[in-house]
Every structure is written in C-alpha cells, then in structure tokens.
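Enquirer: Structure of the sequence below:
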Amino acid sequence: MIPTDKRLLNFAGFAACAGMMGFALFAQHVLKLDPCPLCVFQRVAVISLGIVFLLAAIHNAGGWGRFVYVVLVIAAAGGGMGVAGRHWWIQNLPDDKVPACGAGLDYMMETLPILDVLSTVLSGSGECAEVVWRFLGLSMPAWVFICLTIVGGFGVWNNLRKP
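Expert: Numbering: from 1, shown residues only. Below you'll find the predicted structure:
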C-alpha cells in the first residue's frame, strides 16, 4: 500500500534528491568523474528541488500554500530538466558541431559577471560533450533528465492533491 500522507511523501521526494546527490558525489569521488559546468548546474537544481521537498514536508501546507510548493517544484525540476536536456543534446551533437572548450567554471566565476557566466555555461562546451559514463545506454544527463521528470511530476501530484 502506498502511503497517502503528504508530509511523508514530501520527505520521500527529499530522499530521492538526496540519493541523486549521493550518486553524483560517488561518481565524482569514487569513480573519479569530475563534473563539467553543466553537471554542476544540474546538481544545483537537484539540491534546490530537495530543499523544496524538505520545506514542504516540514511546513505541510494546506490551502493556497500547497500551490506555492507546486510552483517551486516546477521551477526547480523544470530548470534542472532544461539544463540536463541541453547537456544531453550537446552530448549527441556530431563532432564537428560540438562547441569549443572554454574556461573553467571557477575562473569564469572569478572574472565574469554572473549573467555572462550563466550564458557561457548554458551554451555548453567541448568538455560537456564528452560521455564518460553510461547506464543502460544512457548518459548521466539523460538519467538526471528522467529522474527530475519523475520526481518533479511526483512533487506536483503530491502537493496538488487535496488533503
């Protein structure tokens, strides 16, 4: 039987995001797969979504408050899906269409205004096109896209339904 308590299910959404971040850190520190700039932005989206789920679980809003959490879930999951989708698209470009490698994220953060950093990172680079890990034929950004779609949809459903 599936639990119907919104608070418990929001904690489950938080746990799913924590699990995704746990795997990202495992891949980085154990498998030695350094994240590219687009991967870092995907992590920010997953962490943001996890925080939204945690706040929704703690607050347990009713009435109009639940719609606020729905909007926040859509923003966090949708933003992450956008970045992951862009990353997945860049990985599937023909070699002659892949953008050139640019400066590292740390350097850009130190020297450029934040809007320029966002624009540069979201345009992608050659390092973002490299596929270094696959599971069932899909790269990590593809799995992030799928997971954010499922977890985000779950969050919208859980917080929209009436108590």
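Enquirer: C-alpha only now, for contacts and for neighbours.
Expert: OK.
Enquirer: Give me the helices and strands touching the longest helix along the chain, please.
Expert: Criterion DSSP state H: the longest helix present in the chain is helix 65-91. Judged by 3 or more CA pairs under 8 Å, 6 or more residues apart in numbering; DSSP states H and E, the packing partners of helix 65-91 are helix 37-59, helix 126-129, helix 140-160.
Enquirer: residue contacts, A84?
Expert: Listed by CA atoms under 8 Å, 6 or more residues apart in numbering, the contact partners of A84 are 38-39, 42, 141-142, 144-145.
Enquirer: repeat that with 6 Å
Expert: Residues in contact with A84 (CA atoms under 6 Å, 6 or more residues apart in numbering) are 141, 145.
Enquirer: Look up how far F154 lies from it.
Expert: Applying CA to CA, to the nearest Å, the value for A84 to F154 is 18 Å.
Enquirer: re earlier: from the chain's centroid, how far away is the longest helix of the chain?
Expert: Counting by CA atoms, centre = their mean, to the nearest Å, helix 65-91 is centred 7 Å from the centre of its parent chain.
Enquirer: could you give the angle of that helix to helix 140-160?
Expert: 170 degrees (axes from the mean of the first three to the mean of the last three CA atoms, to 10 degrees).
Enquirer: quick one, helix 65-91 and helix 37-59 angle?
Expert: Using the same axes, to 10 degrees: helix 65-91 against helix 37-59 is 160 degrees.
Enquirer: Buried residues, helix 65-91. List them.
Expert: Within helix 65-91, the residues that count as buried by 16 or more other CA atoms under 10 Å are 66-67, 69-70, 72-88, 90-91.
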